[in-house]
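> Structure here, sequence nowhere to be found:
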């Protein structure tokens, strides 16, 4: 190597992570870029990291998030849910813009939720369905409003929009009419049976109309007051239903009169209290409200939401509902302990029945070779991962006369270990299903060029050694703005794959449990507490310092087994005032020979600056010119050039590191290097 030739470190794809080479962490507020022979990436293709800020108040438990869902309903309203500990919550933003997370369900034994969206043609709105490994299915309208006033039996909302236009349920099936007559008996214990005695209008009660678990609202004029109320059905059959009522009274030949019996109670929640209502949804005032909403003393603007509806034992009592998906308004249900998959009737998520031969739109019962692990839709068909290796598609085929419809399982051609590890590790990205396989690897499932049918393709091979070592427990895969984000709670890491550029960025060290898109921005639900944070926001971790380390690979400069020295080791870039940037040189492996460090600080070393900083603080510049109190724009950050002290140390290889630790720090490296000169020392220490 000619004496005195300056050599600059270039940054490219090495070790799988773009700009990483041997980077252990990269970095807080770091942007590496430049031109030929220096650093050759631009801002979009570089691994860099900013901070995050808390989204609303932190919760009260230390349980991390294990399930979440982001739903934009047909009213274009964002409904962002998260589950941790024993509760399911939704995100609420008040009129002042303050964020809070409000409990939707509590006391849960499992929060391993999966979600699906279905259209309800009766209510004329889309509904959110969810399951959590029990035999029940849950449904929520997503309706939210605020409290204005109440009387003993009425409830008025704020604003001029009627309740139904806010998404609150409007349809009930009332049993009979004023002439319908019942006998109320006490078969045993606290069980009371309501039996239609064939007098008056037939209410057509059946086990299907009044299934076990359904909530019913009884407010009959002529019933004893103790027999009125809101109850859960515990038994039913032809012409009768049963409830548990410790205060019940036996009575006979009682007509409904001016009251009602609603077979499906419309319910809402204010401050943890559940209220049933009967009518008034097309106005701003509900009527027939029970219990008395005026007795609770709710504050004006208290949040009101629709109560979750629970359908028990669907599709079956002995079946655990672990997975759910919706396609063409058919609801797909699968269990982790069964090879059977149930598909509901079109437009009825609670009915899984079918004929033989099957009619179009009816339910379906399918049995797979292995137990399902994930659902995802690709193109116009649903894809089902099963076992460790398999992917399938479900194909519906109409008969020639269009009166019958067959359903087939078609297995896709995949490799061993190509099945999805979990539902949380499957998502859609552009024209592909992307998922973490059991190998493990990050796979694309979709149509490849010049290949018939969907095929899988791995994109994690550049970081395969890391992938093989990672613990994917409770991990989550999320697509956002041309990037795939992989949260690894057990590793406290967040991996980022640049979909459009085709490379892996350096991993972040953050406690991400689940990822969410909220209001067009990326958020993370913590894996350690019930807190949510907005990512890419500032240069600190919710007020805590960020340790940033950009460590590059060892370079032998073309003479791997000969010693050399470096003179005038230099670096240039941008450095925000108040930031101390440490430059470390590792002479030989782990700095075996020497590890000199220099702190670079624009305030301590003003001579290294070539541009004055103009910050955005209030009063520094005219209003509107810069962001108040925010990070300075690139053009306002001082440019610096600096040299390390020369140590005259001989080395075989050299690694360069830049690091900082603190809050609201910002630095960029354009280039680093020095004059590489052959050493006059021999290589006696490696000679045998």
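Happy to help now that I have it. These numbers come from a predicted model, not from an experiment. Numbers count the residues shown, from 1 in each chain.
> so what are the domain limits for this protein?
5-50+548-686, 137-171+267-311, 181-264 (automatic domain parsing).
> Save those as TSV, and put in distance to residue 327 too.
C-beta: built from backbone N, CA, C; applies to glycine. Listed next are those as TSV, based on distance: least, CB to CB, whole Å:
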stretch	distance to residue 327
domain 5-50+548-686	35
domain 137-171+267-311	17
domain 181-264	25
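> Let me see the ranges of the strands in the stretch 201-350 of the chain.
Applying DSSP state E, counting those that start in this stretch to the stretch 201-350 of the chain gives strands spanning 215-219, 229-237, 240-244, 251-255, 260-262, 266-270, 273-277, 285-286, 303-306, 309-311, 323-327, 330-334, 340-343.
> lowest average confidence, helix or strand, in the chain?
None of the helices or strands of the chain scores lower by mean pLDDT, DSSP states H and E than strand 13-14, at a mean of 32.
> Just give the number of residues close to residue 249.
By other CB atoms under 10 Å, the residues close to residue 249 number 13.
> swap in residue 297?
9.
> just use 47 as the starting number from now, easier for me
Taking 47 as the first residue, the last one we looked at is residue 343.
> What distance do you get for it to residue 316?
11 Å (CB to CB, to the nearest Å).
> Give me the contact list for stretch 703-712.
When contacts are defined by CB atoms under 8 Å, 6 or more residues apart in numbering, stretch 703-712 is touched by residues 73-76, 584-586, 589-598, 617, 620-622, 624-632, 677-678, 683, 713, 715, 718.
> now stretch 352-363
150-151, 181-190, 213-215, 257-261, 310, 313-315, 320, 367, 379, 388, 390, 396, 398.
> Tell me the buried residues within those residues.
Buried members of the contacts of stretch 352-363, counted by 16 or more other CB atoms under 10 Å: 150-151, 181-190, 213-215, 257, 259-261, 310, 313-315, 367, 379, 388, 390, 398.
> Confirm residue 559 sits in a strand?
Yes. Residue 559 forms part of a strand when assessed by DSSP: H, G, I helix; E, B strand; the rest coil.
> State the pLDDT value of the residue lying closest to residue 401 once chain neighbours are set aside.
Nearest residue to residue 401, sequence neighbours excluded (CB to CB, 6 or more residues apart in numbering): residue 408, at 6.1 Å. Note for residue 408: predicted pLDDT of 94.
> dump the residue contacts of residue 408.
391-392, 399-401, 451.
> What of residue 176?
With CB under 8 Å, 6+ apart, residue 176 has these contacts: 115, 159-162, 183-186, 370.
> So which residues of the stretch 497-646 of the chain form helices?
Ranges of helices in the stretch 497-646 of the chain, per DSSP state H, counting those that start in this stretch, are 510-515.
> Point out where it drops to low pLDDT.
In the predicted model of the stretch 497-646 of the chain, residues 497-502 satisfy pLDDT under 70.
> What ranges does it have for its strands?
Counting by DSSP E, counting those that start in this stretch, the strands of the stretch 497-646 of the chain are 500-504, 522-526, 529-534, 539-544, 549-554, 558-564, 567-572, 578-581, 592-597, 610-621, 626-633, 643-647.
> Count the neighbours of the closest residue to residue 341 other than its chain neighbours for me.
Excluding the flanking residues, the one nearest residue 341 by CB to CB, 6+ apart is residue 198, at 7.8 Å. By other CB under 10 Å, the residues close to residue 198 number 11.
> from memory residue 198 sits against residue 338, does it?
Yes. If you go by CB atoms under 8 Å, residue 198 and residue 338 touch, sitting 4.7 Å apart.
> how near is the residue nearest to residue 110 when sequence neighbours are not counted to residue 543?
Using CB to CB, 6+ apart and skipping the chain neighbours, the partner closest in space to residue 110 is residue 573 (4.0 Å). Look at residue 573 and residue 543: by CB to CB, they are 20 Å apart.
> next one: residue 311
47 Å.
> cool, residue 317 as well?
Counting by CB to CB, the gap from residue 317 to residue 543 is 44 Å.
> The two: who's more crowded?
With neighbours defined as other CB under 10 Å, residue 317 and residue 543 compare such that residue 543 has more, 24 against 13.
> burial measure for the nearest residue to that one once chain neighbours are set aside, as a count.
Leaving aside its chain neighbours, residue 543 sits nearest to residue 530 (4.3 Å; criterion: CB to CB, 6+ apart). Other residues lying near residue 530 total 20 when counted by other CB under 10 Å.
> still on that earlier bit, with respect to residue 225, which of the strands of the stretch 247-396 of the chain lies nearest?
Between residue 225 and those, the tightest spacing by CB to CB is seen for strand 297-301, at 6.0 Å.
> can you pull the buried residues of stretch 291-311?
291, 294, 300-302, 305-311.
> that older thread, for the strands of the stretch 497-646 of the chain, give me CSV that also has distance to residue 363.
Compiled in CSV, those are given as follows (distance: least, CB to CB, whole Å):
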stretch, distance to residue 363
strand 500-504, 36
strand 522-526, 31
strand 529-534, 35
strand 539-544, 41
strand 549-554, 45
strand 558-564, 31
strand 567-572, 33
strand 578-581, 36
strand 592-597, 52
strand 610-621, 65
strand 626-633, 64
strand 643-647, 67
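> Out of the ones you listed, which is closest to residue 110?
For residue 110, the closest of the strands of the stretch 497-646 of the chain is strand 558-564, at 4.7 Å, according to CB to CB.
> From the contact counts, what lies against the closest one?
strand 111-118, strand 124-130, strand 522-526, strand 529-534, strand 567-572 (3 or more CB pairs under 8 Å, 6 or more residues apart in numbering; DSSP states H and E).
> Next, the buried residues of the first one.
The neighbour-count check on strand 111-118 (16+ other CB under 10 Å) flags 111-117 as buried.
> out of these, who's nearest residue 415?
Nearest to residue 415 among the buried residues of strand 111-118, with distances taken as CB to CB, is residue 113, at 27.6 Å.
> before we move on, back to that, distance of the residue nearest to residue 110 from residue 520?
Taking CB to CB, one finds residue 573 at 7 Å from residue 520.
> Common neighbours of the two, please.
110, 535, 559.
> Quick one: buried ones out of these?
110, 535, 559.
> I'm done for today, thanks for sticking with me.
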